[in-house]
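**Student:** what's the 3D shape of this:
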Amino acid sequence: MPIYVGGYYMTFATTRRLMAKLQIDDRGASDDYLERPINNWLAGHQEVGHILAGAIGHPVTGQPNEEDGILFMLQFVEVQRQQVPGGEVPRGEEPILQERKRDLRMKAWLMEAGGVEENELEWISLRDLYNLTINGIYPQYDDFTGPGTVYTIVDITPKNIDK
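**Tutor:** Residues are numbered from 1 along each chain as shown. From the prediction side, this is the model:
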């Protein structure tokens, strides 16, 4: 079932300023991986509220010099489609998630605590084609240690598969 998310987008440069202000260690992560240290921080600071961070390409808005960045997701909507007589699946319009009072409070927090200017925040509503919510809608702590992480590849294919 498709999931739609709504939240505040900011460029990677703005995100790095926010991280410095909140003392979030980026662990040497490149821009595309900044969601991991941010979500680790959010998982340990639940008093901030329900926010999930995800790296995205800037949605096409027709503006020049669009940049990739981080989406701080605040709304999550699952669209459920049902089978109807005749076998067709109804397709409605995509939901457009609008800012709510709760979202505006989080915007104020991003500006006050994070040092982000209002013109650096953009409300965005989109279908989760990035798999931002693949591990759920709550930030979870992981063992991200930065780009120095070494992974070992282990073949777990059953040995007797051809017998």
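**Student:** where in this protein is pLDDT low?
**Tutor:** Applying pLDDT under 70 to the chain flags the ranges 60-66, 81-93, 147-153, 156-163.
**Student:** max-length helix in it?
**Tutor:** If you go by DSSP state H, the chain has its longest helix at helix 101-112.
**Student:** mind listing residues that contact the helix or strand that comes right after it?
**Tutor:** Where DSSP states H and E defines the elements, the next helix or strand beyond helix 101-112 is strand 122-127. For strand 122-127, the external contacting residues (CB atoms under 8 Å, 6 or more residues apart in numbering) are 2-10, 56, 59, 71, 75, 94-99, 103. For every residue, glycine as well, the C-beta is placed using N, CA and C.
**Student:** from the middle of its chain, how far away would strand 122-127 be?
**Tutor:** 11 Å (CA atoms, centre = their mean, to the nearest Å).
**Student:** tell me the SS of the closest residue in space to residue 15 that isn't next to it in sequence?
**Tutor:** Spatial nearest neighbour of residue 15, chain neighbours left out: residue 70 (4.5 Å); criterion: CB to CB, 6 or more residues apart in numbering. Here residue 70 is recorded as strand under DSSP: H, G, I helix; E, B strand; the rest coil.
**Student:** wait, isn't residue 70 in contact with residue 35?
**Tutor:** Yes - in this structure residue 70 lies within contact range of residue 35 using CB atoms under 8 Å: 6.3 Å.
**Student:** pick out the residue closest to the middle of the protein.
**Tutor:** Residue closest to the average C-alpha location in the chain (CA atoms, centre = their mean): residue 54, at 2.2 Å.
**Student:** with adjacent residues omitted, what lies nearest to that residue?
**Tutor:** Using CB to CB, 6+ apart and skipping residues adjacent in sequence, the residue nearest residue 54 is residue 132, 3.6 Å away.
**Student:** who's in contact with that neighbour?
**Tutor:** 5, 52, 54, 56, 71, 73.
**Student:** ok so, going back, the residue nearest to the centre of the chain looks like it's in a strand, true?
**Tutor:** Yes - counting by three-state DSSP, residue 54 is located in a strand.
**Student:** what about the strands in this structure?
**Tutor:** 3-11, 52-56, 69-78, 122-127 (DSSP state E).
**Student:** list the strands paired with the shortest one, with their directions.
**Tutor:** What that stands for is strand 52-56. Partner strands and pairing direction for strand 52-56 (DSSP bridges) are strand 69-78 (antiparallel).
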